[in-house]
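In: Sequence first, then the predicted structure:
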Amino acid sequence: MRFLSPYSLIWFLPFAAAIIVLYLLKLKRKEQMVSSVMLWQDAVADIQANAPFQKLKKSLLLLLQLIALFALVFGIARPYIRAKGMSENKIVIILDSSASMQSTDISPSRFDNAKSKALEVVNRMGSDDTMLVITAGAKTRVVASFTSDKKSLQSAISALKPVDAPCNMRQAMVLALSLVAGKSASPPRIVLLSDGLFSSLSDLSPGSANLTFIKIGARCDNVAITSLDSRKTLSGDQQVFVSLRNFSDKQRVFNLELYMQDQLIDIREETLRPGEAKQEILENVKDASGRVTAKLDIEDDLIADNSGSVYLAKRGKLSVLMVSKGNLFLQNALNLDPRTQLIRSESIPADFANQKYNLVVFDCIAPPANLPPGGYLLLRTSAAQGPATIGAAVDRPTVIDYARNHPVSAYVDFNEVRIAQANYLQPKPWATTIVEGPGGGLGVAGSNGGRKFVQLSFDILESDFPLHVGFPIFIANCLDWLVPTSATAPGDSIRTSQPMYIASRLPSKRLT
Amino acid sequence: MEQILTTENQTDREDLLTPEFLRKVEQLSIVAKRVFPGQMRGERRSTKRGASVEFADYRNYAVGDDFRRVDWNVYARLEKLFMKLFVEEEDLHVYILLDTSRSMNFGSPRKLLYAKRIAAALSYIALANLDRVGLASLSGSSAMTLSQKRGKQSAFSVFEWLKSVQCSGDTHLADSLRDFSLRTRQPGVVMVISDFFDTDYQKGISALLSRNFEVTLLHVLDQEEVEPSTVGDLLLIDSETAERREITITQTLLKKYKARVAEFCGGIESFATRCGCNYVRVTNQSSFEDLILSYLRQRGMLK
């Protein structure tokens, strides 16, 4: 127990003294005649010294008055007790805002329930406590940083809305644990409000934190489109792939409807036993572009996953300019990609600056001074805006290391590559070395100012690189990495329910 | 003070003793451990030689002696004249001293009434035994005496006198006992009936002892004085001195008080033992008849 104004307790002393003095003064004695006070006198004599206290003994009224006074003073001192229950020093609320929280199995929805439970926790906060609110959607978001202001916490929680995204609880939990880490007087508290539909977190240790999991949701009556995808067949047609799953414990019969730009193109009757998953493939969608929507004609607890859309794009062509005196290996490797529209030139074309190429390969020919934004593959040459400057020449360098994780050099084994002659490259700060010789870089990749570069410091014809299995892979990697995704239109690897991040070069803060 | 005034004027109108009780005590007599010289012929052995049936001593014949007292059997054997001496039987002086200070006016029954009954019973016993009885009331520093009485017929005048005795004044036992001892010529048995609420009672008793009295102390206490039942904040008023004393009676104090009472009584008793006096302590709650008929007999003061 603590007091908000402990000094008020001091008032007890003067008042108590006053009451006691009044008692000593007011003590009304009953007169009694005795035969002789002789004996009493002697008996009293040795306790005369503490007589006032003797007088005060056993006075019930005095005791009651003192108790009443103490109660008053105690009240003035404003005592408070820190409840052990729900309030601690640091509280982190993790609110699952994933799509599954939109389920209406408990009214009005799981998410609204979670919100009201979170508000309860806020109400029970102690005055010294600080609270932080995290939402765990596809991305973890801190909606209110550590504060003890209940109003701001309440408004932050009330404003939350669920998103149609999966739950990345691991990220949220790691964030919460890192935020509460460190010394504190009482163990921090993490309150997790979720329906429990996330992958296991058993490998995370809560440390000193008290983890409370409040499960939201009662039942799971849901049939979902778990994935929706499209791919191009070799014939150029598109296939749409839909996988369905029945999460409920009842057999469900429903229609799967497929729309192309809101035009119904197919309808199929599905019967799913409890827990069953099923895949459907919509063949032979002609080479059309547009939105394909799959819808489940069913009523269940979660509506968000009853429909999904995939965007079918016409595959754009990649215009690749290859400036070379002649390199058959390179030419073939570039042509392997069906999207490639290869333009060969022995020298830099006159209208180079006006043409928009997705990718320009300079094979032993120096690029012009001013390169427009785009992708560039520099082979034994360098550019002013390029990722590296050319250093000392070296004969027969051995590759001692290469970046296995870089998208350009992934799956390519440079260790076995024999090179006749090369120059060491000094990468610029924004570039990374992807192939490393004993004295410096042999291959560098990097992007700067809208230009993306991959630079190799050796002539591939003076190496056995083209004869390796890794060469076409390297070229394909270069194509994928150097050519911006927007150039080929939305790719076919964007899935439903997966968030897509769009890089914005615009200076504005808001995109519509 | 009001209370003091009302109780002072109270007299004991009821009879002190019942006729049945008087019949019972007629058989008793007061025991005197020593032999005292008397004034008149009585039933007690006296220090004098005289004409009783009890042989006392021989002495040589002197000219003029009564021939009837010569022991002729001795003369036959020894051819010398010896006189036979017999014990003289005289009366015993019994003095009953009653403390009539205001402190005796307490208790239920009042200590004074209780004391009066004891005095009445003892004086009746003495009168019935042809002893000479003197009564005195001790108050202030003097002793008011009733002229000595003898014979059962005097019992009524004694009772009347006792009834008329009232409480008044402080106790100065020392002074009043000394006063009594100086005024009394004949020594005898003295019975002091008092509550001994006086600090120097010992001087008075010493005065009696120095005049060769045989002293018996009858210590009369109120039950309330021995074990007080009142507790709380009191203003005690001394009945004799009107001294006021604020006191808060608690269990602790009560314990101390009782210890003090025991010490007080023990002090009197040990003083009495040292001086060869009898000491009997009674409270006004103990049965008066038992006291006279059995307790005093057991203590060897009556037989």
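Out: Happy to help now that I have it.
In: can you tell me which residues contact the closest residue to A:Gly326 other than its chain neighbours?
Out: Among residues not flanking A:Gly326 along the chain, A:Glu346 sits closest, at 7.6 Å (CB to CB, 6 or more residues apart in numbering or on different chains). Backbone N, C-alpha and C define where each C-beta goes, glycine included. For A:Glu346, the contact set (CB atoms under 8 Å, 6 or more residues apart in numbering or on different chains) comprises A:Val323, A:Ser324, A:Lys325, A:Gly326.
In: same thing with B:Leu98?
Out: Taking CB under 8 Å, 6+ apart as the contact definition, B:Leu98 lies against B:Leu112, B:Ala115, B:Lys116, B:Ala119, B:Leu135, B:Ala136, B:Ser137, B:Leu138, B:Leu162, B:Val165, B:Ile193, B:Ser194.
In: Report the buried members of those.
Out: Neighbour counting with 16 or more other CB atoms under 10 Å in any protein chain shown marks B:Leu112, B:Ala115, B:Lys116, B:Ala119, B:Leu135, B:Ala136, B:Ser137, B:Leu138, B:Leu162, B:Val165, B:Ile193, B:Ser194 as buried within the contacts of B:Leu98.
In: CSV please, covering the residues you listed and showing pLDDT and secondary structure.
Out: Formatted as CSV, these follow (pLDDT from 0 to 100; DSSP: H, G, I helix; E, B strand; the rest coil):
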residue, pLDDT, secondary structure
B:Leu112, 89, helix
B:Ala115, 91, helix
B:Lys116, 91, helix
B:Ala119, 91, helix
B:Leu135, 91, strand
B:Ala136, 90, strand
B:Ser137, 89, strand
B:Leu138, 87, strand
B:Leu162, 89, helix
B:Val165, 87, coil
B:Ile193, 93, strand
B:Ser194, 91, strand
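In: Go through the residues you listed and name the one nearest chain A.
Out: The nearest member of the buried ones among the contacts of B:Leu98 to chain A, counting by CB to the nearest CB, is B:Leu112 at 10.6 Å.
In: Quick check: the closest one touching B:Thr100?
Out: Yes: applying CB atoms under 8 Å as the test, B:Leu112 and B:Thr100 come out as touching, 6.6 Å apart.
In: tell me the pLDDT at B:Thr184?
Out: If you check B:Thr184, the pLDDT there is 86.
In: what about the closest residue to it other than its chain neighbours, neighbour count?
Out: Nearest non-adjacent residue to B:Thr184, counting by CB to CB, 6+ apart: B:Tyr95, 6.8 Å away. When counting by other CB atoms under 10 Å in any protein chain shown, one arrives at 28 neighbours for B:Tyr95.
In: How much space separates B:Tyr95 from B:Ser210?
Out: Separation of B:Tyr95 from B:Ser210 (CB to CB, to the nearest Å): 15 Å.
In: Repeat that for B:Cys167.
Out: 29 Å.
In: Could you dump the contacts of B:Leu98 into JSON lines with distance to chain A added?
Out: Below are those laid out as JSON lines (distance: CB to the nearest CB, whole Å):
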{"residue": "B:Leu112", "distance to chain A": "11"}
{"residue": "B:Ala115", "distance to chain A": "13"}
{"residue": "B:Lys116", "distance to chain A": "16"}
{"residue": "B:Ala119", "distance to chain A": "19"}
{"residue": "B:Leu135", "distance to chain A": "23"}
{"residue": "B:Ala136", "distance to chain A": "21"}
{"residue": "B:Ser137", "distance to chain A": "17"}
{"residue": "B:Leu138", "distance to chain A": "15"}
{"residue": "B:Leu162", "distance to chain A": "20"}
{"residue": "B:Val165", "distance to chain A": "17"}
{"residue": "B:Ile193", "distance to chain A": "15"}
{"residue": "B:Ser194", "distance to chain A": "12"}
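In: which secondary structure elements does the strand or helix carrying B:Asp290 contact?
Out: Assessed by DSSP states H and E, B:Asp290 sits inside helix B:288-290. Helix B:288-290 is packed against helix B:111-128, with contacts defined by 3 or more CB pairs under 8 Å, 6 or more residues apart in numbering or on different chains; DSSP states H and E.
In: Centre of the chain to the helix it packs on, how far?
Out: Offset of helix B:111-128 from its chain centre (CA atoms, centre = their mean, to the nearest Å): 9 Å.
In: for stretch A:271-290, same thing?
Out: Distance, centroid of stretch A:271-290 to centroid of chain: 30 Å (CA atoms, centre = their mean).
In: likewise stretch A:394-404?
Out: 38 Å.
In: average pLDDT across that stretch?
Out: 89.
In: just to revisit the earlier point, mind listing what's buried in the helix holding B:Asp290?
Out: Buried-residue list, helix B:288-290, by 16+ other CB under 10 Å: B:Phe288, B:Glu289.
In: okay, B:Cys167 and B:Ser210: which has more neighbours?
Out: Using other CB under 10 Å as the criterion, B:Cys167 and B:Ser210 rank with B:Cys167 on top: 24 against 10.
In: Is chain A within reach of stretch B:268-276?
Out: No: where contact is defined by CB under 8 Å from any CB of the partner chain, no part of stretch B:268-276 touches chain A; the two come within 12.5 Å at best.
In: rewinding a little: find the residues that touch each one of B:Leu112 and B:Thr100.
Out: B:Val165, B:Cys167.
In: how is chain A carved up into domains?
Out: Taking automatic domain parsing as the domain assignment, the ranges for chain A are A:90-215, A:223-312, A:318-488.
In: now do the same end-to-end measure for the second one.
Out: I take that to be domain A:223-312. By CA to CA, to the nearest Å, the extent of domain A:223-312 from end to end equals 25 Å.
In: Kindly provide the whole-number mean pLDDT of it.
Out: 80.
In: For it, what is the distance to the chain centroid?
Out: In this view, domain A:223-312 has its centroid 28 Å away from the chain centroid, taken as CA atoms, centre = their mean.
In: circling back to that earlier point, distance to B:Asp15 added to the buried ones among the contacts of B:Leu98, as JSON lines?
Out: Output for the buried ones among the contacts of B:Leu98, formatted as JSON lines (distance: CB to CB, whole Å):
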{"residue": "B:Leu112", "distance to B:Asp15": "16"}
{"residue": "B:Ala115", "distance to B:Asp15": "16"}
{"residue": "B:Lys116", "distance to B:Asp15": "11"}
{"residue": "B:Ala119", "distance to B:Asp15": "14"}
{"residue": "B:Leu135", "distance to B:Asp15": "17"}
{"residue": "B:Ala136", "distance to B:Asp15": "22"}
{"residue": "B:Ser137", "distance to B:Asp15": "19"}
{"residue": "B:Leu138", "distance to B:Asp15": "24"}
{"residue": "B:Leu162", "distance to B:Asp15": "11"}
{"residue": "B:Val165", "distance to B:Asp15": "15"}
{"residue": "B:Ile193", "distance to B:Asp15": "19"}
{"residue": "B:Ser194", "distance to B:Asp15": "23"}
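In: ranges for the helices of the stretch 51-200 of chain B?
Out: Taking DSSP state H, counting those that start in this stretch as the test, the helices found in the stretch 51-200 of chain B are B:72-78, B:111-128, B:155-164, B:173-183.
In: Out of those, the one nearest A:Phe146 is which?
Out: Comparison of the helices of the stretch 51-200 of chain B against A:Phe146 by CB to CB identifies helix B:111-128 as nearest, at 87.6 Å.
In: Lowest-scoring secondary structure element of chain A by mean pLDDT?
Out: helix A:51-56 (a mean of 58; mean pLDDT, DSSP states H and E).
In: after it comes which helix or strand?
Out: Next element after helix A:51-56 (DSSP H and E): helix A:60-76.
In: Mind giving me the packing neighbours of that following helix?
Out: Counting by 3+ CB pairs under 8 Å, 6+ apart, helix A:60-76 packs on helix A:12-26.
In: Give me the next element, helix or strand, following the helix it packs on.
Out: Next along the chain after helix A:12-26, with elements defined by DSSP H and E, is strand A:30-34.
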